[in-house]
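K.L.:
Structure for this input, please:
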Amino acid sequence: MHLTVLGCYAATPRTLTNPTSQVLEINNHVILIDCGEGTQVELRRHKIKFSRINHIFISHLHGDHFFGLPGFISTMRLLGRDKELHVYGPKGIKGAITLLLKLGDSWTNYPLLFHELTSKETELIFEDDKISVSTIPLDHRVYTNGYLFKEKLGKRKLNVAAVEKYGIDKAYYNNIKNGRDITLDNGSIVPNKELTYDPPKPKSYAFCSDTIYDESLADKVKEVDVLYHESTFLDSEAHLAAKTKHATAKQAAQVAKDANVKTLVLGHYSTRYKSIELFKEEASTVFPNVLLADDGKTFDF
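P.N.:
Okay, here's the model as predicted:
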């Protein structure tokens, strides 16, 4: 599971910082999460191929989270894209994007499919044989969702030495990896566990962008491997967090602690502070394993 942070600062783009956008690579999927201004420039900077992105998840319709989307969609038309692009986001995102494309006479020549969200309850919105994606309802000034990405359990790993020991033909290898026992020519049955290793434990990533501190959020992200949680303010500005429906670094850490997650990644920093290290210092007083997102930073989990 590989995360590339394209932007992680609040409100507006600046010379050296970008608004929210990140790419999650999980189980052969390359997923774009939020698309603030400058996203396609950062994708090029980090050599992430546009064509590999087939699913985009937008948390809410504040500009610093989706104003880069019309340009990204338009650029893919110019690059000759022909396969489907799926966009998941709040109701209204289809109208906003298609109006711009219509006015600019630049409608896509590839299938552009919108999946508009309205539910305030957690719902499964995408699933295939490799991953599932569910919404995480958040409490912000407009309708907002986080997203929970989970790997599916993979095939068992072949124990080549054991298979060769029993002289099993390669034609049966796929059945073995799918969990089947094998019957030998003499009629004896070899249990699958003797021929395989357990697959890696599936990983999970929870993206929780703009939200006020909510104790119930911990239940929605219980024991995920990685939690990305906004930390717009430090505790000294907790009154501003409450007023604007954002969270502090300490509050994000409390969610991570209550949810018993493995790793907390902080982001969506207000640019009023001199150093983002202050966010880690504050969060670490509550939860030990804290990482700081920053533009251009990558993580392997």
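K.L.:
pLDDT at residue 259, what is it?
P.N.:
For residue 259, the model assigns a pLDDT of 98.
K.L.:
all strands in the stretch 201-301 of the chain, in order from the N-terminus.
P.N.:
Secondary structure of the stretch 201-301 of the chain (DSSP state E, counting those that start in this stretch): strands at 204-208, 226-230, 263-267, 290-292, 298-300.
K.L.:
Could you give me the buried positions within the fourth one?
P.N.:
Neighbour-count burial for strand 290-292, counted by 16 or more other Cβ atoms under 10 Å, picks out 290-292. Placement of C-beta: from N, CA and C, glycine included.
K.L.:
repeat for stretch 254-264
P.N.:
For stretch 254-264, a neighbour-count test (16+ other Cβ under 10 Å) marks 254-256, 258-259, 261, 263-264 as buried.
K.L.:
Then stretch 142-149?
P.N.:
Neighbour counts over stretch 142-149 (16+ other Cβ under 10 Å) mark 143-149 as buried.
K.L.:
Take the residues you listed and lay them out in a markdown table including secondary structure and pLDDT.
P.N.:
Formatted as a markdown table, those follow (DSSP: H, G, I helix; E, B strand; the rest coil; pLDDT from 0 to 100):
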| residue | secondary structure | pLDDT |
| --- | --- | --- |
| 143 | coil | 98 |
| 144 | strand | 98 |
| 145 | strand | 98 |
| 146 | strand | 98 |
| 147 | strand | 98 |
| 148 | strand | 98 |
| 149 | strand | 98 |
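K.L.:
Among those, which pair sits farthest apart?
P.N.:
Farthest apart among the buried residues of stretch 142-149 by Cβ to Cβ are 143 and 149. That separation is 20.3 Å.
K.L.:
what is the rounded mean pLDDT of stretch 82-97?
P.N.:
What stretch 82-97 shows for mean pLDDT is 98.
K.L.:
all helices for the chain, in order.
P.N.:
Here the chain has its helices, by DSSP state H, at 39-45, 63-66, 69-78, 93-103, 160-165, 173-177, 192-195, 217-220, 238-244, 249-259, 277-283.
K.L.:
and the ones you listed, which is most packed in?
P.N.:
helix 249-259 (a mean of 24; mean count of other Cβ atoms under 10 Å).
K.L.:
Run through who's touching it.
P.N.:
Around helix 249-259, the neighbours that count as contacts under Cβ atoms under 8 Å, 6 or more residues apart in numbering are 208, 213-215, 217-219, 221-224, 227, 229-231, 233-235, 238, 241, 264, 266, 278-280, 282-287, 290.
K.L.:
Distance to residue 79 and mean pLDDT added to the strands of the stretch 201-301 of the chain, as CSV?
P.N.:
Formatted as CSV, these follow (distance: least, Cβ to Cβ, whole Å; pLDDT from 0 to 100):
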stretch, distance to residue 79, mean pLDDT
strand 204-208, 26, 98
strand 226-230, 29, 98
strand 263-267, 29, 98
strand 290-292, 33, 98
strand 298-300, 24, 98
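K.L.:
Of all those, which one is nearest residue 2?
P.N.:
Residue 2 lies closest to strand 298-300 among the strands of the stretch 201-301 of the chain, at 5.5 Å (Cβ to Cβ).
K.L.:
most neighbours per residue, which of the strands of the stretch 201-301 of the chain?
P.N.:
Highest mean neighbour count among the strands of the stretch 201-301 of the chain (mean count of other Cβ under 10 Å): strand 226-230, with a mean of 28.
K.L.:
Dump the buried residues of stretch 254-264 into TSV; add distance to residue 118 as well.
P.N.:
Shown next, in TSV, are these (distance: Cβ to Cβ, whole Å):
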residue	distance to residue 118
254	29
255	25
256	29
258	28
259	26
261	28
263	31
264	29
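K.L.:
Of the residues you listed, which is the nearest to residue 59?
P.N.:
Nearest to residue 59 among these, counting by Cβ to Cβ, is residue 255 at 16.1 Å.
K.L.:
wait, what's in contact with the closest residue to residue 179 other than its chain neighbours?
P.N.:
Spatial nearest neighbour of residue 179, chain neighbours left out: residue 192 (5.4 Å); criterion: Cβ to Cβ, 6 or more residues apart in numbering. Counting by Cβ under 8 Å, 6+ apart, residue 192 touches 156, 176, 179-182.
K.L.:
Among those residues, which one is most surrounded by other residues?
P.N.:
The most crowded member of the contacts of residue 192, judged by other Cβ atoms under 10 Å, is residue 176 (22 neighbours).
K.L.:
Tell me which residues touch that one, please.
P.N.:
By Cβ under 8 Å, 6+ apart, the contact set of residue 176 is 156, 158, 163, 168, 182, 192, 195-196.
K.L.:
Considering the buried residues of stretch 254-264, which is situated nearest to residue 247?
P.N.:
Taking Cβ to Cβ as the measure, residue 247 lies nearest residue 255 of the buried residues of stretch 254-264, at 8.0 Å.
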